[in-house]
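Novice: give me the fold of what follows.
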Amino acid sequence: MTTDGTETAGAGTYERFENRVERIRNVGNAAGILRWDQEVVMPEAGTPARAKQLSTLSSIGHELLTAEETGALLEALEGADLEDGKRAVVRELRREYDRATSVPQQLVEEISETTSNAHPRWKAARAEDDFETFAPTLEKLVDLKREYADHVDPDADPYAVLFAEYEPYIDLEAAATILAELREELVPLIEAISESEADLETDAFSGEFDADTQEAVCRDVLDELGYDWDRGRLDTAPHPFSSGTQFDARVTTRFDESDLLGSITSTIHEFGHANYTIGLPDEGYGTPLGEARDLSVHESQSRLWENHVGRSRPFWERFLPAIHDRFPATESVTPGDAYESANQVYEDNLVRVEADELTYHLHIVIRFEIERDLIRGDLEVREVPEVWNDKYEQYLGIRPETDAEGCLQDIHWSHGSFGYFPTYSLGSVLAAQLFAAVENEVGDLEERIREGEFDDLNGWLRENVHRHGKRYTTPELIEEATGEAVTAEYFLEYVAEKYGELYDLEKY
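Specialist: Below is the predicted model:
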């Protein structure tokens, strides 16, 4: 209290603020469970009710966030003498509050209900290979998200506004520069690989692999990596994902009985996401201090485990015996065979989630360019299939024959997630930078991976990334962890060395 009896922005004010933040987060976390249920186990006929349930929760969360009380608490706290963690919570909520109060609640509800209804329409359109049946829904989503961006900042590039939903602290120009750098450096590397006469083993795991046994293999790999089953579970979904909180971080994957490698790498990828979520501080639950630092960092964790661990030669030396036990027909496969098959560069792959770690980034560039032009109004929805196919032919030398293997393959646009795709490539860049920092500090990780010892790697990630939640902005977090600003240098060095050796490239 001050001498005149008025209350200062002290501990009591912050406690009320934190309680309000926790209520907002709990509403959002409950909606997350409903979305998980919709994509994993909900019967198809449940969509109309689920759309209304999610819309209601979205509305409640929006009302709590944008209420006058939230604004008053923020005003009281922004000039207060708070420790760093509390200041970070205020910073993050201020940003969310400013964006949310600029958007009419009716629009928020309409976007939520439209995306809930869009998901089954996308699934049906993909199953029927018919973009036209999804096009009206996509057009509505594009219009709604343009309107949303215009409310947030009418003077800004609408695509930059949407990109900031997923990566608020690396601006779009910087992200576009990194994507351009990757395209510039990777295209000649991929061309050199296509001209290489190296004889890699590309079909080490050819054959039929029962889905139930594949699931057992995926559970084996999660055990090997140290997944906390008390706080997680494994299920299947058409598009693999991970969701949840540090107390309940779930993993999904999918099984193709002709593609054992695909289910393994997908599971390791989603483990990386869940492992990050589980590593967030328990005491931070319900506030930004207990939440992941947005999608670029989240993707760095999945890419680090999938590519730097799961696609490494030491990993296959360690894990291959478990596959031999589950699938005796693979007993002739050597760790070298498995390593080469897991890292082959495909010349004819059309599907992003099945791409190798080099061509993957051209898949991302294509999506980035298309959705940017859609949101900016430079491309009509009806033009998407042809433009998509043209870009695949231009960048990858292949052309989709169907919409299902073309512009309908990803779930993101049905969620209204425009601006999400660049975070995948940013994640790969950050993964390489973080992995290099781990090795610089704790030493070469190859022998540890070979022995199935992941405590040093995971301990470093817990200490330098996970435990901070949203205490730092993305650039601050990476500089704190690695001692350097965000850079693509480590990723480009890593892929040049790895693929130069695999494909006997003299230049690399």
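Novice: so how far is stretch 401-418 off the chain centroid?
Specialist: In terms of C-alpha atoms, centre = their mean, to the nearest Å, the centre of stretch 401-418 is set 16 Å apart from its chain centre.
Novice: now do the buried residues in it.
Specialist: 402-404, 406-411, 413-418 (16 or more other C-beta atoms under 10 Å). Bear in mind the C-beta positions are built from the backbone N, C-alpha and C, glycine included.
Novice: and what of stretch 363-380?
Specialist: Neighbour-count burial for stretch 363-380 [16+ other C-beta under 10 Å]: 363-375, 379.
Novice: follow-up on the earlier one: of the buried residues of stretch 401-418, which is the nearest to Gly28?
Specialist: Set against Gly28, the nearest of these by C-beta to C-beta is His415 (14.8 Å).
Novice: in what helix or strand does Glu401 lie?
Specialist: For Glu401, there is no host helix or strand (DSSP states H and E).
Novice: OK, contacts around it?
Specialist: Not one residue lies near Glu401 by C-beta atoms under 8 Å, 6 or more residues apart in numbering.
Novice: next, it: phi, psi?
Specialist: phi -100, psi -20 (degrees, to the nearest 10).
Novice: do the same with Asp235
Specialist: According to degrees, to the nearest 10, Asp235 has phi -140, psi 180.
Novice: also Val251?
Specialist: Torsion angles, degrees, to the nearest 10, at Val251: phi -120, psi 140.
Novice: same deal with Asp455?
Specialist: The phi/psi pair for Asp455 (degrees, to the nearest 10) is phi -60, psi -40.
Novice: burial of it, as a residue count?
Specialist: Counted with other C-beta atoms under 10 Å, residues neighbouring Asp455 total 10.
Novice: can you put the buried residues of stretch 363-380 in CSV and add secondary structure, pLDDT and distance to Asp455?
Specialist: Putting the buried residues of stretch 363-380 into CSV (DSSP: H, G, I helix; E, B strand; the rest coil; pLDDT from 0 to 100; distance: C-beta to C-beta, whole Å) gives the following:
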residue, secondary structure, pLDDT, distance to Asp455
His363, helix, 96, 34
Ile364, helix, 97, 32
Val365, helix, 94, 37
Ile366, helix, 95, 39
Arg367, helix, 97, 37
Phe368, helix, 96, 37
Glu369, helix, 95, 42
Ile370, helix, 97, 43
Glu371, helix, 97, 40
Arg372, helix, 96, 42
Asp373, helix, 97, 46
Leu374, helix, 97, 45
Ile375, helix, 98, 44
Leu379, coil, 98, 49
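Novice: show me what contacts the nearest residue to Glu167 once chain neighbours are set aside?
Specialist: Once flanking residues are discounted, Glu167 sits nearest to Ser296: 4.8 Å by C-beta to C-beta, 6 or more residues apart in numbering. Counting by C-beta under 8 Å, 6+ apart, Ser296 makes contact with 166-167, 170, 423, 426-427, 430, 474.
Novice: state the pLDDT value of Gly10.
Specialist: At Gly10, the model reports a pLDDT of 63.
Novice: try Ser116
Specialist: 86.
Novice: so what secondary structure elements neighbour the helix or strand harbouring it?
Specialist: Assigned by DSSP H and E, Ser116 belongs to helix 105-128. Using 3 or more C-beta pairs under 8 Å, 6 or more residues apart in numbering; DSSP states H and E, the elements in contact with helix 105-128 are helix 11-40, helix 47-66, helix 131-152.
Novice: just the angle for the first one relative to helix 105-128, thanks.
Specialist: Between helix 11-40 and helix 105-128, the angle comes out at 30 degrees (axes from the mean of the first three to the mean of the last three C-alpha atoms, to 10 degrees).
Novice: helix 11-40 vs helix 47-66, what angle?
Specialist: On the basis of the same axes, to 10 degrees, helix 11-40 is oriented at 160 degrees to helix 47-66.
Novice: just to revisit the earlier point, okay, the helices and strands packed on helix 105-128 in TSV with mean neighbour count and distance to Ala88 next?
Specialist: Formatted as TSV, the helices and strands packed on helix 105-128 follow (neighbours: other C-beta atoms under 10 Å; distance: least, C-beta to C-beta, whole Å):
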stretch	mean neighbour count	distance to Ala88
helix 11-40	17	12
helix 47-66	18	17
helix 131-152	19	22
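Novice: no further queries at this time; thank you.
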